[in-house]
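Peer 1: coordinates only, no sequence provided:
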């Protein structure tokens, strides 16, 4: 057993050949190793001159990575040497064993590496909990201290970087993230969002030739000042986002057309013969028997009693306010009943006209509703010219029932579609559908856009221009941008013309974004990782710690 342990320990200490294993002691839950440094000489840490003059010996007590359920304690005997360099300020120094333990450390390098990895991945509290499960008891402060003192990795020579802002506290404090687009790693974090800091950082990296950014004027100015020879590339996603926002504003001014297109989309699900399928009612539970009718006096009997009481009190000389208070009615009612010569009779209920009055006009109404999607008021005016003499309310009720029956006859997924609702989808939803690739649109969305382009000619022009711009984005045809801008400006659509004029101020960077292969998506992905690291600190981690964790993880 002892021979096996010696062989195992010797294998673990292969990276430190100048250390000899003297003894191994195994207790109930602890393994104790006694090691001795055996190098014939050592270098002075100040002047790097070798010395073989031993001054004294002392012992260091270390903790190593556990062996299963056994804790590992190391007793290391090291020596002190006398520096023979007369000009060195240090006369006595201790020998270094960098592969085994750092100077003044009480943990081996192997254990520090594991603890630092836990702190980088999980932070202080979560990393300490994981270390306790691995039988590596430590405190959150120790983990964060190991993370803070970790050596910062040196980035390679940078060619293309992405720059974007990140919110330390949204609306109050922002920073800047810089990502190497070649290997998708974060190269640095800046504590603020300013053109001066970006320009200073770019000036320290003269090899950068491409900088990918969003449409921020602040970063554009910093790039021009710090790397004037670099090519600026505007992200294609933000261009599509700005186009969608312009379309949303434009569609917000055509709300009637959006509703009409929704009606036309819903009508495509009604059969050509005009028969609307109606969902059968639920027949599972037998209805409760109706209670026996209760004989009630006529509704006007109470008012007859009030009429007689008012005339009786009036003959007695009772004041008007007193009569109103005693009978619980208003004074205008008292005056009105005193003026009457006869008691009130039963009221005749004014029943609404029966829907049968629409029977001669039903084929016309259904056909016109399916063809044009006109509202009930417009259909009422049309059938009045055909001889209909009743109210528009009857037509409105019939059209409402027709819509509800059509919705009930649709499959469940279509009932949830906003493109078939009577009120129609929102301008925001339609704008998203317009910029979405046609291959990924739902059937209702495609049908709705087709109907919308037929209902409103200006929407058809806006859709054609937006599809041409999206084709440039997807196929990276930046040379066609200026021609598209001229078409958008002359289209008569104010929102798209404003969008095209906004592109003119950053034309070269936008053309590069529509031509080159670089994308801002890598930077956006690293932004999500940065948010995770920031939130793991629960708002208590400073910028230096967040920067260290992000760069070490990269």
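Peer 2: Cool, got the structure. Everything numeric here is computed off the predicted structure, so don't read it as measured data.

Peer 1: only C-alpha atoms from now on, for both contacts and neighbour counts.
Peer 2: Noted.

Peer 1: give me the element residue 450 is part of.
Peer 2: Element membership for residue 450 (DSSP states H and E) is helix 443-455.

Peer 1: could you give the mean pLDDT of the helix or strand that that helix is followed by?
Peer 2: Next in sequence after helix 443-455, counting helices and strands by DSSP H and E, comes helix 457-475. Over the span of helix 457-475, the pLDDT mean works out to 92.

Peer 1: same thing with stretch 495-506?
Peer 2: 90.

Peer 1: what sits up against it?
Peer 2: 242-243, 246-247, 249-250, 462, 485-486, 488-491, 510 (CA atoms under 8 Å, 6 or more residues apart in numbering).

Peer 1: same check on stretch 41-48?
Peer 2: By CA under 8 Å, 6+ apart, the list of residues contacting stretch 41-48 from outside reads 49-53, 81, 83, 85, 88-90, 93, 95-96.

Peer 1: now swap in stretch 54-61 and tell me
Peer 2: In contact with stretch 54-61 (CA under 8 Å, 6+ apart) are residues 73-82, 92, 106.

Peer 1: give me the below-cutoff pLDDT ranges for the stretch 201-350 of the chain.
Peer 2: Residue ranges of the stretch 201-350 of the chain with pLDDT under 70: 268-300, 346-350.

Peer 1: pull out the buried positions in stretch 154-172.
Peer 2: For stretch 154-172, the neighbour count (16 or more other CA atoms under 10 Å) marks 158-168 as buried.

Peer 1: what's the farthest-apart pair in these?
Peer 2: 159 and 168 (27.6 Å; CA to CA).

Peer 1: restricted to helices, list the contacts of stretch 495-506.
Peer 2: 242-243, 246-247, 249-250, 462, 485-486, 488-489, 510 (DSSP state H).

Peer 1: A helix includes residue 532, no?
Peer 2: Yes. Checked against DSSP: H, G, I helix; E, B strand; the rest coil, residue 532 lies within a helix.

Peer 1: hmm, residue 160 and residue 182 touching each other?
Peer 2: Yes. Contact criterion CA atoms under 8 Å: residue 182 and residue 160 qualify, at 6.7 Å.

Peer 1: hang on, the earlier thing: quick one: least confident of the buried residues of stretch 154-172?
Peer 2: Lowest-confidence member of the buried residues of stretch 154-172: residue 168, scoring 82 (pLDDT).

Peer 1: may I have the secondary structure class of that residue?
Peer 2: Residue 168 ends up strand, using three-state DSSP.

Peer 1: now do residue 35
Peer 2: Once three-state DSSP is applied, residue 35 turns out strand.

Peer 1: surely it is in contact with residue 73?
Peer 2: No. If you go by CA under 8 Å, residue 35 and residue 73 don't touch, sitting 10.7 Å apart.

Peer 1: quick revisit: in ChimeraX, select just the buried ones from the contacts of stretch 41-48.
Peer 2: Burial among the contacts of stretch 41-48 is assessed by 16+ other CA under 10 Å; the matching ChimeraX selection reads:
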select :50,51,53,81,83,93,95,96
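
Peer 1: closest one of the contacts of stretch 41-48 to residue 138?
Peer 2: Checking these against residue 138 with CA to CA, the nearest one is residue 96 at 25.1 Å.

Peer 1: can you tell me the closest non-neighbouring residue to that closest one?
Peer 2: Once flanking residues are discounted, residue 96 sits nearest to residue 103: 6.9 Å by CA to CA, 6 or more residues apart in numbering.

Peer 1: SS state for residue 57?
Peer 2: Counting by three-state DSSP, the backbone at residue 57 sits in strand.

Peer 1: ignoring the adjacent residues along the chain, who's closest to it?
Peer 2: Sequence neighbours aside, residue 79 is the residue nearest to residue 57 in space, at 4.2 Å (criterion: CA to CA, 6+ apart).

Peer 1: looks to me like that neighbour is in a strand.
Peer 2: Yes. Residue 79 sits within a strand when classified using three-state DSSP.

Peer 1: run a quick neighbour tally on it.
Peer 2: 21 (other CA atoms under 10 Å).

Peer 1: was I right about it contacting residue 39?
Peer 2: No. Contact status for residue 79 versus residue 39: not in contact, 9.7 Å apart, counting by CA under 8 Å.

Peer 1: can you tell me the SS state at the closest residue in space to residue 72 that isn't next to it in sequence?
Peer 2: Counting by CA to CA, 6+ apart, the nearest residue to residue 72 once its immediate chain neighbours are dropped is residue 31, at 4.8 Å. Residue 31 falls in the strand class when you classify it by three-state DSSP.
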